[in-house]
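Colleague: the following block contains a protein sequence and its predicted model.
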Number of protein chains: 2
Amino acid sequence: MAGTGTAEGGTRADAVRNRRLLLDAAAAEFAEHGMDVPIARIAARAGVGKGTVFRHFATKEQLLAAIFGHRLDELSAVGQGLLDARDPGAALLAFMTEGVRMQAGDRMFCQAVTALARTEPQLRAASERLIGVAEALTARARRAGSVREDATGHDVVLLLGAATQAAAPLGGTLPGLWRRYVHMIFDGLRPGAAHPLPEPPPTTAQLAAAAKTSATS
Amino acid sequence: MAGTGTAEGGTRADAVRNRRLLLDAAAAEFAEHGMDVPIARIAARAGVGKGTVFRHFATKEQLLAAIFGHRLDELSAVGQGLLDARDPGAALLAFMTEGVRMQAGDRMFCQAVTALARTEPQLRAASERLIGVAEALTARARRAGSVREDATGHDVVLLLGAATQAAAPLGGTLPGLWRRYVHMIFDGLRPGAAHPLPEPPPTTAQLAAAAKTSATS
DNA sequence: ACCTGAACACCGTTCAAGT
DNA sequence: ACCTGAACACCGTTCAAGT
């Protein structure tokens, strides 16, 4: 137990180390410069050769998917922690606030997740986990009468991207603006102003179906 | 008056014709394949040489800006037409519905506008016009008691992008889903469920300031 | 097994000729 | 004036050598 932390399988020690260095470097570069930073730049920041990036992630998109998938899982964990809060409505609002905060710092995120979830199964899996947690939080809030009866966890997750997008055009100059839209959109989830909706909520089955449509490109 | 329709100035007839062919071809290609279609493909569809594209639009971004700017102006016109509708609340909802419908067909749009409004003055001007119309519609709806007192036209325009983004991940499989989120988000604008907002609305002055920040890249 | 950088393909942009 | 396609630069991806 000398502590080099070698992972399972025959993976070499430098490989696991490089993988982590790459993920960290990529996360930083993507956050700072958007998703079209040259891969060479990421490799340089990680201190490895350009070819090494492609040994770990077959494509640039897979590298993005790995980072965003991890991010979604972090949010799922936050949601889990809120499941036994006293006020279910406040818990749901806190979940949404945290979800949007995560994205608002970064550029792109929601666009990237939208574009990549279609092609990268890893991201789709993380999305489904997140939707599961969101549904649990939403169900509690519905039962408490804090949100409208027709709102689902899937709605809540999609509205995270919505609030982020609303604030994005001015995110540079008004770094706190996203909070305004989280609250406005949450007000739309309250029972008070609820009007009938013209379309049913999406189901997880439809999420899976959406992935297959990607073949048409 | 033989009808070749030459524009003002010394612009040659083939030039104005090519410009239009390019705009049409580009709009179609962008809508179908997203904003990373090769410019060569657009040129081919328009039936002109690749170099001609860059004679008319110095950069690919400017071509995108021209298309989206025009689109925003179309929406401004729709908004103008709704200014004397009988029910101001319904008029505002119709404006938002139309705005989101425009974007939902296409891929990208709101991401593109977000990214480009910073650098392309043409797009910023179109945005400001749109915000002006939206504010007029919103003011009427406020006075009629159909929307909350603290909602502005700027909010409304930003929420168009929000609703589009909400539906985007499943837009391929559930083409009508955007309507659900237009209504949900509009419910957040109603006076019924309104709670105090943590941040003030953006002002047009701040929009202008955001453009200058772009130098830091 | 994994790392590396040179080599390849693709695409945005420029430019020297053409009309 | 404007059109054109060949030439250039840049970046994602592949691969033959290296350890």
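Modeller: Right, received. Where do you want to start?
Colleague: domain ranges for chain A?
Modeller: According to automatic domain parsing, chain A comprises the domains A:1-58, A:60-216.
Colleague: identify the residue nearest the geometric centre of chain A.
Modeller: By Cα atoms, centre = their mean, chain A has its centre lying nearest to A:Leu72, at 3.7 Å.
Colleague: out of the domains of chain A, the one nearest DNA strand C is which?
Modeller: Evaluated over the domains of chain A, closeness to DNA strand C peaks at domain A:1-58, with 2.0 Å, by Cβ to the nearest atom of the strand. Quick note: C-beta positions are derived from backbone N, CA and C, even for glycine.
Colleague: average model confidence for the closest one?
Modeller: For domain A:1-58, the mean pLDDT works out to 87.
Colleague: wait, does it contact DNA strand D?
Modeller: Yes. Shown here: domain A:1-58 in contact with DNA strand D (Cβ under 7 Å from any atom of the strand) through A:Asp36, A:Val37, A:Pro38, A:Ile39, A:Ala40, A:Lys50, A:Gly51, A:Val53, A:Phe54, A:Ala58.
Colleague: around DNA strand C, pick out the residues from chain A.
Modeller: A:10-12, A:14-15, A:18, A:48-52, A:55-56.
Colleague: which of those are buried?
Modeller: Neighbour counting with 16 or more other Cβ atoms under 10 Å in any protein chain shown marks A:Asn18, A:Val48, A:Thr52, A:His56 as buried within those.
Colleague: farthest pair in these?
Modeller: Farthest-apart pair in those is A:Val48 and A:His56; separation 9.2 Å (Cβ to Cβ).
Colleague: any shared contact partners between these two?
Modeller: Taking Cβ atoms under 8 Å, 6 or more residues apart in numbering or on different chains as the contact rule, the neighbours common to A:Val48 and A:His56 are A:Asn18, A:Leu22.
Colleague: check contacts around A:Leu130.
Modeller: Neighbours of A:Leu130 in contact, by Cβ under 8 Å, 6+ apart: A:Leu72, A:Asp73, A:Leu75, A:Ser76, A:Gly79, A:Val157.
Colleague: and if we set it to 6 Å?
Modeller: Counting by Cβ atoms under 6 Å, 6 or more residues apart in numbering or on different chains, A:Leu130 touches A:Leu72, A:Ser76, A:Val157.
Colleague: over to A:Leu137?
Modeller: A:Gly79, A:Ala91, A:Leu92, A:Phe95.
Colleague: name the element it belongs to?
Modeller: helix A:121-143 (DSSP states H and E).
Colleague: and what of A:Gly99?
Modeller: Per DSSP H and E: helix A:88-105 holds A:Gly99.
Colleague: list the helices and strands that helix packs on?
Modeller: helix A:60-82, helix A:121-143, helix A:153-167, helix A:177-189 (3 or more Cβ pairs under 6 Å, 6 or more residues apart in numbering or on different chains; DSSP states H and E).
Colleague: what residues does chain A have near chain B?
Modeller: A:111, A:114, A:158-159, A:161-162, A:165-166, A:168-170, A:172-174, A:176-177, A:179-180, A:183-185, A:187-188, A:190, A:192-195, A:197-199, A:202, A:206, A:209-210, A:213 (Cβ under 6 Å from any Cβ of the partner chain).
Colleague: dump the C-alpha coordinates for stretch A:53-61 into PDB.
Modeller: Extracted in PDB, the C-alpha atoms of stretch A:53-61 (Å, rounded to 0.1, in the frame of the first residue of the first chain):
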ATOM      1  CA  VAL A  53      -5.700  12.800 -25.400                       C
ATOM      2  CA  PHE A  54      -7.100  10.500 -28.100                       C
ATOM      3  CA  ARG A  55      -5.900   7.400 -26.400                       C
ATOM      4  CA  HIS A  56      -8.100   8.200 -23.400                       C
ATOM      5  CA  PHE A  57     -11.000   9.800 -25.200                       C
ATOM      6  CA  ALA A  58     -11.600   8.600 -28.700                       C
ATOM      7  CA  THR A  59     -13.100  12.000 -29.700                       C
ATOM      8  CA  LYS A  60     -13.300  15.500 -28.400                       C
ATOM      9  CA  GLU A  61     -17.000  15.000 -27.800                       C
END
